[in-house]
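Student: Okay, predicted coordinates and the sequence, questions at the end:
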Amino acid sequence: MYRSRLDQSLDKHTLDYVSSVSDDSEIAIYDIVGSQAHAIMLYENKILNISETKKILSALEKLKKEKLITADAEDIHELIESLVVKKIGLKAGGKMHTARSRNDQVALDLRMKIRDDINTLCACVADLISTLVSVAEKHTNTAMPLYTHLQQAQIGTFSHYLLSYADALFRDMDRLYVTYGRINESPLGAGPVGGTSIPIDRNSTAKMLGFKGIVENSIDATSGRDVVAEYVSDVAILMTNLSRIAEDLVIWSTSEFSFVELSDRFSSPSSVMPQKKNPDILELTRGKAARVVGNLVAVLTTVKGLASGYGRDLQEIKPSVFSSSRIAISALVVLNSMFATLKVNDQKMRRVAGSGYLIALDIAESLVNEGMPFRTAHKIVGQLVQTAHESSKSLSQLTLSDVKKSLKGKEMEPRKLLKIISLIDISTSLRNRTSRGSSGTSEQKRMVQDRKAKIQAYRSGMAKRSAEVSTSLQNLSSKVATLVK
């Protein structure tokens, strides 16, 4: 259809090679709606008459309900235009592409698709955060070890881990939330690269399609893909965080840890070993995160060497965008359901937390509160741990003789140190941990309430954005219905 300059058609293998129709099914509806807005704008600016406008809008409206045939088309834009021309003839149908190009069309469709995907992703992230906070609220007193280098470090709570995930996801949502503002600008009407001499109104189509404004520079509008790369980057970071969450749960669900147990709905058996209950869903989350990171690399590698102006290389970005959205949305939905059904072995967690030397820092800080330099306290408690380790005791089991041995050469009363040790256990450790954002019990309760309020604020903002777009598109639909009567 577009081969006016060329006197031969592409052969089948070449057409298959260059065609993006199979990937374009996800943006077909956006191309139709964008074409309707463009046609109405042309009518309002007296570039189309009422009869032509009715025919074009009516044909596009019918295409929304049809299964689009993909044979012999290079892309969805050519396909839709050719189907409109087939329905209403070239005299009217041949005018629907006036004052635009495939270059600004695909940029429009991609932005509309990403805009919707961001809203969906933000809603899914919000749901997962809500579930995490809800589970955390039930476990503000569930003691467990906190780890550094995968070695036991301090006593904490299961809620503290869950809230750390929630806070990382808040940042993911915020990145998407901010990217939405840059995505939500219309490139339509920029033409192939340098605009048009036809008197169109780009702001009119932008408003009809729910955009906050336009990508003003026509070169930037048609060839800029930095915001697309930004979106895929946001999704890649999100999936990286989900992968880290999955890794924790894979470890904690092992027989060696037994901190948590996945519901059977989110586990897989072995084909050979009858006893196995494998965390395949979590492992696949790690694997799918790698695919999204690969998509980001593909996008960045595509755009890094392109000169100004549209290049067909950009066609190859679309599958990476669509794939990233699908993977992230499905991962969020599955992990949300998995956390909602997660069994927590709070007794095992508490037993492990009390079996090591996790109160060591609490003892050192108690000595600091008595006026001792921290480095001196660190040395004394280090010796206490060494003595306990050599005698296969916990710190709370140390005797006066053990303490005297550890204090050799130190100016401190052994009985006083033994008294300090006897006063510190899991409960006092969590009760005394009051620094802002710590794993202390009081901070857990405060942070749970804070995150509840925060998620509601985000939900309100998301609802407002979705309503703005929905209202604009409903108004557009009403205009179409009025004009095709």
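Tutor: Ah, there it is.

Student: Please list all residues in contact with Leu188.
Tutor: Leu188 is in contact with 34, 37-38, 100, 104-105, 107-108, 202, 205-206, 209, 214, counting by Cβ atoms under 8 Å, 6 or more residues apart in numbering. Glycine gets a C-beta too; all of them are placed from N, C-alpha and C.

Student: ok so Glu468 is a strand residue?
Tutor: No - counting by DSSP: H, G, I helix; E, B strand; the rest coil, Glu468 is not found in a strand; it is helix.

Student: ok, it touching Phe211?
Tutor: No - using Cβ atoms under 8 Å, Glu468 is not in contact with Phe211; the gap is 9.8 Å.

Student: Please compare those two by neighbour count and tell me which comes out ahead.
Tutor: With neighbours defined as other Cβ atoms under 10 Å, Glu468 and Phe211 compare such that Phe211 has more, 25 against 14.

Student: That one and Glu185 touch, don't they?
Tutor: Yes - with contact defined as Cβ under 8 Å, Phe211 counts as touching Glu185 (5.8 Å).

Student: list the contacts for Thr240?
Tutor: Contact partners of Thr240, counting by Cβ under 8 Å, 6+ apart, are Ala289, Val293.

Student: Am I right that it sits in a strand?
Tutor: No - checked against three-state DSSP, Thr240 lies outside a strand; its state is helix.

Student: Give me the residues contacting stretch 257-267.
Tutor: Residues from elsewhere that reach stretch 257-267, judged by Cβ under 8 Å, 6+ apart: 144, 158, 249, 251-253, 277-282, 334, 337-338, 341-345, 348-349, 352.

Student: at 10 Å instead, please
Tutor: 142, 144-145, 158, 161, 248-254, 268, 276-282, 334-335, 337-346, 348-349, 352 (Cβ atoms under 10 Å, 6 or more residues apart in numbering).

Student: ok so, going back, if I look at Glu468 and Phe211, which residues touch both of them?
Tutor: Counting by Cβ under 10 Å, 6+ apart, the residues touching both Glu468 and Phe211 are Asn184.

Student: Met412 is in contact with Gln383, isn't it?
Tutor: No - counting by Cβ atoms under 10 Å, Gln383 is not a contact partner of Met412; they are 11.3 Å apart.

Student: joint contacts of the two?
Tutor: Val403, Ser406.

Student: Who are the contact partners of Ile219?
Tutor: Ala190, Val193, Gly194, Gly195, Ser308, Gly309, Tyr310 are the contacts of Ile219 under Cβ under 10 Å, 6+ apart.

Student: where are the low-confidence patches of the stretch 201-350 of the chain?
Tutor: For the stretch 201-350 of the chain, no stretch is flagged by pLDDT under 70.

Student: what's the closest non-adjacent residue to Asp402?
Tutor: Nearest non-adjacent residue to Asp402, counting by Cβ to Cβ, 6 or more residues apart in numbering: Thr387, 5.1 Å away.

Student: mind checking the SS state of the residue nearest to Glu316 when sequence neighbours are not counted?
Tutor: When the adjacent residues along the chain are set aside, Glu316 lies closest to Thr302, with 5.8 Å between them (Cβ to Cβ, 6+ apart). Following three-state DSSP, the label given to Thr302 is helix.

Student: looking at it, Thr302 is touching Ser223, isn't it?
Tutor: No - between Thr302 and Ser223 there is no contact under Cβ under 10 Å: 11.9 Å.

Student: Find the residues that touch each one of the two.
Tutor: Common contacts of Thr302 and Ser223, defined by Cβ under 10 Å, 6+ apart, comprise Gly311, Leu314.

Student: hey, C-alpha coordinates of the strand or helix carrying Arg351 in CSV?
Tutor: Under the criterion of DSSP states H and E, Arg351 resides in helix 346-353. Output of helix 346-353 as CSV, limited to C-alpha atoms (Å, rounded to 0.1, in the frame of the first residue of the first chain):
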residue,chain,number,x,y,z
ASP,A,346,7.4,-18.4,63.8
GLN,A,347,8.6,-20.9,66.4
LYS,A,348,11.5,-22.1,64.2
MET,A,349,12.5,-18.5,63.5
ARG,A,350,12.5,-17.6,67.2
ARG,A,351,14.4,-20.7,68.1
VAL,A,352,17.1,-19.9,65.5
ALA,A,353,17.3,-16.3,66.6
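
Student: Can you list the buried residues in that helix?
Tutor: Asp346, Met349, Arg350, Val352, Ala353 (16 or more other Cβ atoms under 10 Å).

Student: where does Glu78 land on pLDDT?
Tutor: Listed pLDDT for Glu78 reads 88.

Student: And the strands in the stretch 251-400 of the chain?
Tutor: Under the criterion DSSP state E, counting those that start in this stretch, strands of the stretch 251-400 of the chain are mapped to 260-261, 343-344.
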